[in-house]
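Q: sequence and predicted model, in that order:
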Amino acid sequence: MSVLDAIGSWVRGTSVPEATGSLDTRSTSSRLFWLHGVAGCGKSTVAASVCRRLAGERQLAGSFFCKRDQDSRRNGVRLFWALAFYLAQVNTAFREQLLKPLREVDTLLDLDLDTQVNRILIQPLMGMVHNETAASALVVIDALDECNDSEKVARNLARIVESAPWVRFVLTSRDLPETRDALALLGELTEQHDLFQYDAREDITSYLRSQFLSQGPLAELRPYVDDDDVISLVDRSQGLFIWIHTVVRFIVETKIGKLDVLESILKVQGAAESESALDSLYRIVLENAAGSSTTSRNIVRLIIGLILVTSTNEPLPSNALHAFLPADVSALRTEFNTILQLLSPVLIINDNGVRVYHTSFLDFSSNESRCGEAFYTSQLDLDTIMATGCLEIMESGTRNRKRHFQADKDERTGLKFNICHLGTSFLPNAEVTDLEERKKAYISPELLYSSMFWLEHIVQSGILARREAAEHPERIALMISDLLCTDRALFWIEVMSISGKLAVARSVLTRIELRALVEKEFLDVAAELRRFLDQFYSSIALSTPHLYLSTLPWLSTNLKIRAAWQSQFPHGWILRDSIQQSPLMLHHLTCPDNVYTVSVSRDGNFFSAGGEDGIVRIFDMHTGRVIWEQPSTHDIQRGAVMVASFSPIADILVSSYGVGSILCVWGTDGQGWTLKRLVDNNPGVYHLSFSRDGSRLATGSVDGLVRVWDVESWTLKQAPIAGHTRTITFIAFSPDGERIATASADHTVRLWDTEHGSIIGSPMIGHSGVVWTLAFSPDGNTLASGSEDTTVILWDVRTGAMKGKPLQGHRWWVRSVTFTNDGRFLLSGSGDTNVRMWDARTGESFGAPLKERILGFAPSFVLSPDGTRGIIASGAHDVTVWDIPAAVNKALPPGHSHHVFSVTFSPDDSLIASGGWDNCVFLWSRNGKCLNASPMRHPSIIFFVRFSPDGTLLASGDQDGLTRIWDVRDGTSVCEFKSHAWVNTAAWSPDGKKLAVGVERDPPSLRFWDPRTGQPLGEPFEGLASAVKMIVYSPDGRTLASVCTDLTIRLWDAETCTQIGESFTGHSEFAESIAFSPDGSKLVTGGWDSSLRVWDATTGQQLFNPVMHNGAVLSVAFSIDGKLVYSAGWDWCIHAWDSETGRPMGRSLKGHTQPINSIAVSHDGRHIVSGGRDDAIRLWD
């Protein structure tokens, strides 16, 4: 019996006798028929047939066919809204219940999946009474496993099945554990059938025979095909409909040699496993397309790889895929399309993009063991191809100009000025009547794709992070530099503006600024570009030509991007007034009355403001325009807006007014905001806060009670929480949602268990006045509070104890506190009209307060989710939007802004020198005071700093091969010398008369210089086999030791540069650091193989087994007495080891929050200084 008959019997509720090779319906009372099986076994074909049959019998309410590579069909939210629509069509009672949440409940579309299902399906279903279920419904859902988050979708579907006895489902999917577990909860309500246990031979045979009939696509082959051939094909299918369907497509799409294709399939040995059968067929298709040509095989490999890597972003049309072929692939577009057509049995090819016909081909092509080495490309390599391609296409419009222009003559290029040839700046983009035609003519699909996704592919490829393994990372870095650090950045912004993707451009820049890339120079430029976009966003979005006409004159003269752009636009206006500066304040907005509360939407695109006039307004973050204003006709206002807060997961805004008890819940459909619900929180709400997952809302009231609401049902989760004796003035959830912190007019701060409402520890007592504000640090370990007593206090969340002394500096009430996203800084707003910045670790205030245009008492201050903007409600009529990273950087005390690569003590230990990624050299006193607020600078990244033996000079070297000698007393440059490639390391001779410098490559070499004149001493020594990573002199100055990338440690005669003895070997990856013991008898090395090794400096023997670390060892040093060796690196810690045995000594020093690049021991042996990738320098006792 066919599976269709089994499903038909189940639908009719009749039992079917069990027969060999057939499916049975064991329980006619079940509500869900789950048909599962391996990929390609025909589940979708069965689902489509069921839909046709049921539709013909007028029994089908609706269907949803999921598909992994189409966003609209892999979205579980769309599935459940479709289901609600189908049920509302067939059942009036359900429709009436569904209308209630649509009319009364807050906006649903942006809520999380579980909440939406509850609102539009579970609650309406539960609201129906028994006699309202006369109208029944049957729904077909195919390929549930191809939905995003399929486990959650299956679990919600099971809830619907339980709640709707009048609805029956036919469901198909692969038999995944998460799906099986979700549906197992239904027990007898589910009918499960493994399609692979059903003998599909009859149906497959019937289908195949139909293809050879007179009206079938293979009719012309019928005279050449007998029954044995049909049976042979059916046998080879292993019960997979996708196999036989692909065979048919394969033959149909073959223009010449259809019989040869059929013969080649019939000759292949049948596979024992279904997956193997499908793999064999897919390989035949690939081999047929590839032919015997090496070039064709390479193109086939690249085609399937490019389709795979772009499917998760945006499928590309065939011409765009061709554009992304690497430059060394010379296939013309016609040749490419010919090969692409040969792959049409497994692909869908149209103008909307090239997609796979069946998702089993994606599984096949992403697995090397299945598709074979000849047709497999790793995900990393594919992302590298795309990353390079994106950059090359933005640069010149093509990866291979000869290949491109032989394809056809078009005017599409890479990024360029006025790419769409707009004729005037007087028209907004929206009023350019032929703009769509211009975009189609001049902005190719591959250029738009590249402009949107270049960063995504670079990050996924890890090409810059894995420099040692990646090919040509320097070329990639140069192309990124050409994109971001030249006028090409303007052209990129132009394309994004004219394509309506300006928000994507800002997101890319913000991601780089937050260190998606490792190149420091890109971080700075991306920050400048992001601030540039913030400053002029509305003008650029409105009219693309104003990117050039209305913005460039206002750029600050000290910006890198201005210097890069000005030479390309020499005839533009140049403002020389002091008004021309990079503004910290991006918007200054005026409201009709005093503003008390502000909040930022979850995506950072909007913020709300409310105050004395009782009206909530929502502003566009980029333009500062009011996009919605609460209607004044509402009778809900009973005074000023006390607090308004956006949900962190949905477009919901909750507000409270005066001392009223009503919470107003606002929602949007994308067009405007409307009142969706009123919640009675009697008595009045003074403050409220959402949990991070948006599932709870906590309110603090004038009666001193905390109430926690379930946002799904707007019912109380538990009884009100009591403890405070006066009004609760502020409330906040911890980042993990497990604690609620409250501040009160009773001068205390309290922590509560969210789930049970019980108090955690004792009240935190320290303030002498009303506590107005609270903020958790991002890691949840610290709680900041601000008070009427003008102080800010930092509390240890675990112990409830005060961390240090109260922070003093404000002159009036502290009404707002917040941490920056990285947790390093704290900002506080006060009635003294200032917003102050504090070091969250030390409690030290730094920089001048933000006070420009803050006219009131700064009662509310919030950060955008990405931490780049701060919104201040002044308490007067003003709301200001600030560039927070720029404000913090401007206010920060002198010091490194990025990775510290090298630290060292002066010979008398009075000074510490540091150099790093920010191109700066700083000098520090031993108590941590910066001695040169204006640092000594290099043109590029600094890899080393070294004091001369007498402490009067300092040597530093950089990525450009420049070594500079500085006078330590006044910071002036004594001399400099240039090498042909970057310099990783240098060492002073003990007498201070020469400086040995290690050059990275081309060729790797050692050079000796006179540090006082800058003249070379002798010829460079170029006998090194590989790049030198570090060199050190022995204490007596007679020997140099080096570590190189060829995994060796070598000793050299310091005078003749001849090697002494054999090389020391043992590291499995190259060593990064080396040091002599004080007596010169030992060497210690640390390397990328995560090991520390101690060597006999004479024999090269290791004194004990390698000491393994949790990550690369980047820096090593001996103690002054030589008894200990110290190591530091990727595990963020400094370790001490016995230099004779390798045993650990004492506890590891922890404090850095990123890998440690460099350590040094003071000459008196009392201190260690360390510098790391967390931009910090730490001094340890």
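A: On my side now, so go ahead. Numbering: from 1, shown residues only.

Q: mean confidence score for stretch 775-793?
A: Stretch 775-793 comes out with an average pLDDT of 95.

Q: just the strands in the stretch 351-500 of the chain please.
A: Taking DSSP state E, counting those that start in this stretch as the test, the strands found in the stretch 351-500 of the chain are 353-356.

Q: any low-confidence regions in it?
A: The stretch 351-500 of the chain contains residues with pLDDT under 70 at 400-412, 464-473.

Q: which stretches in it count as helices?
A: Using DSSP state H, counting those that start in this stretch, the helices of the stretch 351-500 of the chain run over 360-365, 368-371, 379-396, 401-407, 435-442, 445-461, 473-484, 488-498.

Q: of the ones you listed, which is nearest Phe33?
A: Among these, the nearest to Phe33 by CB to CB is helix 360-365 (23.0 Å). C-beta: built from backbone N, CA, C; applies to glycine.

Q: the closest one packs against which elements?
A: Secondary-structure packing of helix 360-365 (3 or more CB pairs under 8 Å, 6 or more residues apart in numbering; DSSP states H and E): helix 274-290, helix 294-310, helix 368-371.

Q: hang on, the earlier thing: using a markdown table, lay out the helices of the stretch 351-500 of the chain together with distance to Arg174 and mean neighbour count.
A: Listed next are these as a markdown table, based on distance: least, CB to CB, whole Å; neighbours: other CB atoms under 10 Å:
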| stretch | distance to Arg174 | mean neighbour count |
| --- | --- | --- |
| helix 360-365 | 10 | 22 |
| helix 368-371 | 16 | 15 |
| helix 379-396 | 22 | 21 |
| helix 401-407 | 41 | 15 |
| helix 435-442 | 40 | 14 |
| helix 445-461 | 26 | 22 |
| helix 473-484 | 39 | 18 |
| helix 488-498 | 39 | 23 |
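
Q: picking that back up, can you say which of the helices and strands packed on helix 360-365 is nearest to Gly423?
A: Ranking the helices and strands packed on helix 360-365 by distance to Gly423, with CB to CB as the measure, places helix 294-310 first at 34.4 Å.

Q: residues contacting the closest one, please?
A: The contact list for helix 294-310 (CB atoms under 8 Å, 6 or more residues apart in numbering) reads 286, 289-291, 315-316, 321, 324-326, 329-331, 335-336, 339-340, 343, 347, 354-356, 361-362, 365-366, 371, 374-377, 379, 381-383, 385-386, 449, 457.

Q: go through that helix and flag the buried ones.
A: Of all the residues in helix 294-310, those buried under the rule 16 or more other CB atoms under 10 Å are 296-310.

Q: which among these gets closest to Cys591?
A: Nearest member of the buried residues of helix 294-310 to Cys591, counting by CB to CB, is Thr310, at 46.2 Å.

Q: distance check, that closest one against Val38.
A: 26 Å (CB to CB, to the nearest Å).

Q: that older thread, out of the buried residues of helix 294-310, who's nearest Ala1112?
A: Val309 (29.6 Å).

Q: how would you label Trp795: helix, strand or coil?
A: Secondary structure state of Trp795, per DSSP: H, G, I helix; E, B strand; the rest coil, is strand.

Q: what sits against it?
A: Counting by CB under 8 Å, 6+ apart, Trp795 touches 749, 764, 766, 782-785, 801-803.

Q: which of these fall in strands?
A: Cross-referencing the contacts of Trp795 against strands under DSSP state E gives 749, 764, 782-785.

Q: which of those residues lies closest to Val945?
A: Closest approach between the ones in strands among the contacts of Trp795 and Val945, by CB to CB: Thr782, at 33.5 Å.

Q: count the residues that sit near the closest residue to that closest one other than its chain neighbours.
A: Once flanking residues are discounted, Thr782 sits nearest to Leu794: 5.6 Å by CB to CB, 6 or more residues apart in numbering. For Leu794, the neighbour count with other CB atoms under 10 Å is 21.

Q: residue ranges with poor pLDDT in the stretch 201-350 of the chain?
A: Ranges of the stretch 201-350 of the chain meeting pLDDT under 70: 238-239, 268-275.

Q: show me where it has strands.
A: 347-350.

Q: again, but for the stretch 501-650 of the chain
A: Using DSSP E, counting those that start in this stretch, the strands of the stretch 501-650 of the chain run over 585-590, 595-600, 606-611, 616-620, 626-629, 641-646.

Q: where is the longest helix in the chain?
A: Longest helix in the chain, counting residues (DSSP state H): helix 520-542.

Q: what residues does Val50 make contact with?
A: Contacts of Val50 by CB under 8 Å, 6+ apart are 4, 7, 140, 170.

Q: quick check: the last one vs Leu32, distance?
A: According to CB to CB, Val170 stands 8 Å off from Leu32.

Q: same question, the third one
A: For Val140, the distance to Leu32 (CB to CB) stands at 11 Å.

Q: ok, now the first one?
A: Remark: distance between Leu4 and Leu32 (CB to CB) = 17 Å.

Q: coming back round to it: out of the helices of the stretch 351-500 of the chain, the one nearest Ala1128 is which?
A: Ranked by CB to CB, the member of those that lies closest to Ala1128 is helix 473-484, at 25.4 Å.

Q: who touches stretch 488-499?
A: Against stretch 488-499 from outside (CB under 8 Å, 6+ apart): 394-395, 415-420, 429, 435, 439, 443, 447-448, 451-452, 482-483, 501-502, 504-505, 525, 529, 533, 540-541, 544, 547-548, 561, 564-565.

Q: again, 7 Å this time
A: Residues outside stretch 488-499 that contact it (CB atoms under 7 Å, 6 or more residues apart in numbering) are 394, 415-417, 419-420, 429, 439, 443, 447-448, 451, 482-483, 502, 504-505, 529, 540-541, 544, 547, 561, 565.

Q: same thing with stretch 284-292?
A: With CB under 7 Å, 6+ apart as the criterion, stretch 284-292 contacts 250, 261, 264-265, 268, 296-297, 300, 339, 342-343, 345-346, 375.

Q: of those, which belong to helices?
A: Of the contacts of stretch 284-292, the ones assigned to helices by DSSP H are 250, 261, 264-265, 296-297, 300, 339, 342.

Q: run a quick neighbour tally on Ser925.
A: Neighbour number of Ser925 under other CB under 10 Å is 11.

Q: quick one, domains of the protein?
A: 1-11+29-198, 268-377, 387-399+410-568, 585-596+684-889, 1021-1155+1163-1180 (the TED database).

Q: okay if I get those domains as a markdown table plus distance to Gly257?
A: Shown next, in a markdown table, are the domains of the chain (distance: least, CB to CB, whole Å):
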| stretch | distance to Gly257 |
| --- | --- |
| domain 1-11+29-198 | 25 |
| domain 268-377 | 9 |
| domain 387-399+410-568 | 33 |
| domain 585-596+684-889 | 57 |
| domain 1021-1155+1163-1180 | 53 |
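
Q: mind checking which of those domains is nearest Asn984?
A: Closest approach to Asn984 among these is made by domain 1021-1155+1163-1180 (5.7 Å; CB to CB).

Q: can you pull out the strands in the stretch 651-800 of the chain?
A: Applying DSSP E, counting those that start in this stretch to the stretch 651-800 of the chain gives strands spanning 652-657, 662-668, 673-680, 685-690, 696-701, 706-710, 715-716, 728-733, 739-744, 748-753, 759-765, 771-776, 782-787, 792-796.

Q: direction included, what does the fifth one pair up with?
A: In other words, strand 696-701. Strand pairing for strand 696-701, using DSSP bridges, gives strand 685-690 (antiparallel), strand 706-710 (antiparallel).

Q: of those, which stretch is the most buried?
A: Comparing those by mean neighbour count (mean count of other CB atoms under 10 Å), strand 685-690 comes out on top with a mean of 24.
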